[in-house]
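Colleague: Mind looking at a prediction? Sequence and model below.
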2 protein chains.
Amino acid sequence: MAELLMVGSVAYDSVETPHGKVTQALGGAASYAGVAASFLAPARIVGVVGEDFEQAHLDFFTSRGLDLAGLQRVPGQTFHWGGRYEQNMNVRTTLFTHLNVFEDFNPVLPERYRSSDYVLLANIHPALQLQVLDQMTSPKFVALDTMNLWIDIARDTLGEVMRRVQMLLVNDEEARQLTGLEDNLAAAEGLLELGPEVVIVKKGEHGAMMLTRDWSFLLPGYPVTTVQDPTGCGDCFAGGLLGYLAAADRTAEATLRTAMAYGTTIASFNVEAFSLDRLRTLDRAQIDQRCRALRALTAFEV
Amino acid sequence: MAELLMVGSVAYDSVETPHGKVTQALGGAASYAGVAASFLAPARIVGVVGEDFEQAHLDFFTSRGLDLAGLQRVPGQTFHWGGRYEQNMNVRTTLFTHLNVFEDFNPVLPERYRSSDYVLLANIHPALQLQVLDQMTSPKFVALDTMNLWIDIARDTLGEVMRRVQMLLVNDEEARQLTGLEDNLAAAEGLLELGPEVVIVKKGEHGAMMLTRDWSFLLPGYPVTTVQDPTGCGDCFAGGLLGYLAAADRTAEATLRTAMAYGTTIASFNVEAFSLDRLRTLDRAQIDQRCRALRALTAFEV
């Protein structure tokens, strides 16, 4: 098993969906991705929290085998995001974004992190993503997540990161925004010109598409009747995927395909409860079972 | 090979998309479905056209092996639909619907059609769909397509049709409308309570889901870079699916799955040109090849 590093937000989320609401619940890309990965491979976390961050959350991370040496605890309040999902939960409104201690986040990798093999650069400012890459010796496989904000205001820096990573994860809209191409498939193919060998275009409940120059892989989402809260789905997807790759320590086609199926599966569990709550009771056997169910759901002969 | 019957509109379409426009081009559910099926099994067509319907279109149907004994030609103009697709081609506006001769359509089955084994009741008034079923001896497998209009204004009659068919084809929105359930999966499952053994929920470019009480099958759309005109996609899907079933003369799980893959594949060709134009040059080898490509696209090990 190879060493896995994840850089991103550890946060509080206040979220309202048609099925309920939570206030100041555990959230953040690195939290979701790290815990999702932990079912497959232990992950090292780089992030920052404030003095208000509860010990119980740190204990939960530790219980999942996460390495918290890179999780700084500094004076001030933890990053706090507030959002609301409409009846159609594909529509999300951000109510507030209090960056708090995240505003001055300066990712510093503990010495032993620097040689990590697999890296997830979750959604933070591309300049910080570069700063992380500069501290690493020679990672085997780096995956990059981003968002429309950075495409708008830090496009050049983001371009530099893209040229240094193996995998890019975006959604349909970001793919169009990055390439200027309206057609989803053309946009996805256009992303391969920007640097990464592997491009993943996420389509929410409709699943995801993985593209390389040589082959592509298309997987629907696992259908869930009890979607409580979609927050963190993309992070669980990325975390599960990277966890699978790190555990296998391979990035050949078959491994990448199965890794995406694992990411899809863990994300499908995550939506069944608010915050990271479903991940608290999840176990590897449940994940393996649903991943096999996903294969059965999508299999056909020709 | 079993006998396949299709009932529905044969029409003229005037369509505008971001990629061009056509005026009074060949269209209609039975046209698309019949020609799509013809690559797998010859189909008998029941429909009506006006005096203005071009002989060249009839010749095209005949060249595809379609049986036109049930296609009435009556005084008046052929059904003419006009629509426009927006930049996001999932958004379609109907500009006009001239029912013309379709308004008094009274489906009468030629004697030899009555013993057909496989039937597609394409989208027409449910009372007419019942009228067709009443003329049949004992079909093995009837598939029903419908639309929001009939759910609104002829719900009870539609309910009666649903109780007499084996398969129901709807889109996400129609599934919600028929069941009153907001969640896509719950709505799809709810449709199984209304009569059909097999429910298919179509999701446009995102593919389709097939559900039964015992198993489900989920297939993404085949990704196409050159979507010119989505008109008739759902009809090609249904036609290809029924054509495969009729050719196999089986409706076991594996056959139904492969049939949906064939429907998906033929629909993906259809969007590559306006009207039925792509189907004019298509051949079985191209279909088989893309269907295998679709399997390769979606396959993974676990």
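Modeller: Yep, that arrived.

Colleague: So which bits of chain A are right by chain B?
Modeller: A:87, A:182-186, A:189, A:203, A:205-207, A:209, A:215-220, A:223-225, A:227, A:254, A:257-258, A:260-261, A:288, A:291-292, A:294-302 (C-beta under 8 Å from any C-beta of the partner chain). In short, each C-beta sits where N, CA and C put it, glycine included.

Colleague: Let me know how buried residue A:192 is, in neighbour terms.
Modeller: Other residues near residue A:192 come to 16 when the count uses other C-beta atoms under 10 Å in any protein chain shown.

Colleague: show me the contacts for it.
Modeller: Neighbouring residues of residue A:192 by C-beta atoms under 8 Å, 6 or more residues apart in numbering or on different chains: A:199, A:211, A:212, A:213.

Colleague: can you do 6 Å?
Modeller: residue A:199 (C-beta atoms under 6 Å, 6 or more residues apart in numbering or on different chains).

Colleague: ok, now how distant is it from residue A:171?
Modeller: Remark: distance between residue A:192 and residue A:171 (C-beta to C-beta, to the nearest Å) = 17 Å.

Colleague: same question, residue A:107
Modeller: Using C-beta to C-beta, one gets 24 Å for the distance from residue A:107 to residue A:171.

Colleague: cool, and residue A:204?
Modeller: Going from residue A:204 to residue A:171 by C-beta to C-beta gives 7 Å.

Colleague: and what of residue A:151?
Modeller: Applying C-beta to C-beta to residue A:151 and residue A:171 gives a distance of 11 Å.

Colleague: Show me the shaky parts of the stretch 1-150 of chain A.
Modeller: Along the stretch 1-150 of chain A, no part satisfies pLDDT under 70.

Colleague: who's residue A:119 bridged to?
Modeller: residue A:5, residue A:142 (DSSP bridges).

Colleague: wait, doesn't it sit right on residue A:5?
Modeller: Yes. Counting by C-beta atoms under 6 Å, residue A:119 does reach residue A:5; the two are 4.8 Å apart.

Colleague: longest single helix anywhere in chain A?
Modeller: helix A:253-270 (DSSP state H).

Colleague: how far does that one sit from the chain's center?
Modeller: 12 Å (C-alpha atoms, centre = their mean, to the nearest Å).

Colleague: Averaged pLDDT, it. What do you get?
Modeller: The average pLDDT for helix A:253-270 rounds to 98.

Colleague: Show me what it is packed against.
Modeller: strand A:216-219, helix A:233-248, helix A:284-298 (3 or more C-beta pairs under 6 Å, 6 or more residues apart in numbering or on different chains; DSSP states H and E).

Colleague: Just want the residue of the stretch 51-200 of chain A that's nearest chain B.
Modeller: Closest residue of the stretch 51-200 of chain A to chain B, C-beta to the nearest C-beta: residue A:185 (4.5 Å).

Colleague: Which helix or strand contains that residue?
Modeller: Assigned by DSSP states H and E, residue A:185 belongs to helix A:184-191.

Colleague: What residues of that helix count as buried?
Modeller: Residues of helix A:184-191 classed as buried: A:184, A:185, A:187, A:188, A:189, A:190, A:191 (neighbour count, 16 or more other C-beta atoms under 10 Å in any protein chain shown).

Colleague: Could you do stretch A:73-90 as well?
Modeller: A:77, A:78, A:79, A:80, A:81, A:82, A:83, A:85, A:89.

Colleague: repeat for stretch A:169-177
Modeller: Using 16+ other C-beta under 10 Å as the burial criterion, the residues of stretch A:169-177 that qualify are A:169, A:170, A:171, A:172, A:174, A:175, A:176, A:177.

Colleague: Now do stretch A:231-247, average pLDDT.
Modeller: On average, stretch A:231-247 scores 98.

Colleague: circling back: among the residues of chain A next to chain B, name the buried ones.
Modeller: A:183-185, A:189, A:203, A:205-207, A:209, A:216-220, A:223-224, A:227, A:257-258, A:260-261, A:291, A:294-295, A:297-300.

Colleague: Tell me how many other residues crowd residue A:252.
Modeller: 8.

Colleague: for residue A:267, same thing?
Modeller: Residue A:267 has 29 neighbouring residues, counting by other C-beta under 10 Å.

Colleague: what's the answer for residue A:122, then?
Modeller: Residue A:122, neighbours per other C-beta under 10 Å, totals 28.

Colleague: Ok, residue A:105 next?
Modeller: Residue A:105: 22 surrounding residues under other C-beta under 10 Å.

Colleague: Likewise for residue A:163?
Modeller: Around residue A:163 there are 10 other residues, counting by other C-beta under 10 Å.

Colleague: ok, now which ones touch residue A:118?
Modeller: A:2, A:4, A:141, A:242, A:245, A:246 are the contacts of residue A:118 under C-beta under 6 Å, 6+ apart.

Colleague: excluding its backbone neighbours, what's nearest it?
Modeller: Of all residues not flanking residue A:118 in the chain, residue A:246 sits nearest, at 4.2 Å (C-beta to C-beta, 6 or more residues apart in numbering or on different chains).

Colleague: What of residue A:13?
Modeller: Ranked by C-beta to C-beta, 6+ apart and with sequence neighbours excluded, the top spatial neighbour of residue A:13 is residue A:27, at 3.1 Å.

Colleague: ok, that neighbour to chain B distance?
Modeller: 24 Å (C-beta to the nearest C-beta, to the nearest Å).

Colleague: ok, now residue A:231?
Modeller: Taking C-beta to the nearest C-beta, one finds residue A:231 at 18 Å from chain B.

Colleague: Tell me how far that residue lies from residue B:47.
Modeller: For residue A:231, the distance to residue B:47 - C-beta to C-beta - is 50 Å.

Colleague: Between the two, which is the more surrounded one?
Modeller: residue B:47 (27 against 24).

Colleague: what's near enough to touch that one?
Modeller: Residues near residue B:47 by C-beta under 6 Å, 6+ apart: B:10, B:30, B:71.

Colleague: possible to save those as JSON lines with distance to chain A, neighbour count and secondary structure?
Modeller: As requested, those are exported to JSON lines (distance: C-beta to the nearest C-beta, whole Å; neighbours: other C-beta atoms under 10 Å in any protein chain shown; DSSP: H, G, I helix; E, B strand; the rest coil):
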{"residue": "B:10", "distance to chain A": "31", "neighbour count": "30", "secondary structure": "coil"}
{"residue": "B:30", "distance to chain A": "27", "neighbour count": "29", "secondary structure": "helix"}
{"residue": "B:71", "distance to chain A": "32", "neighbour count": "21", "secondary structure": "strand"}
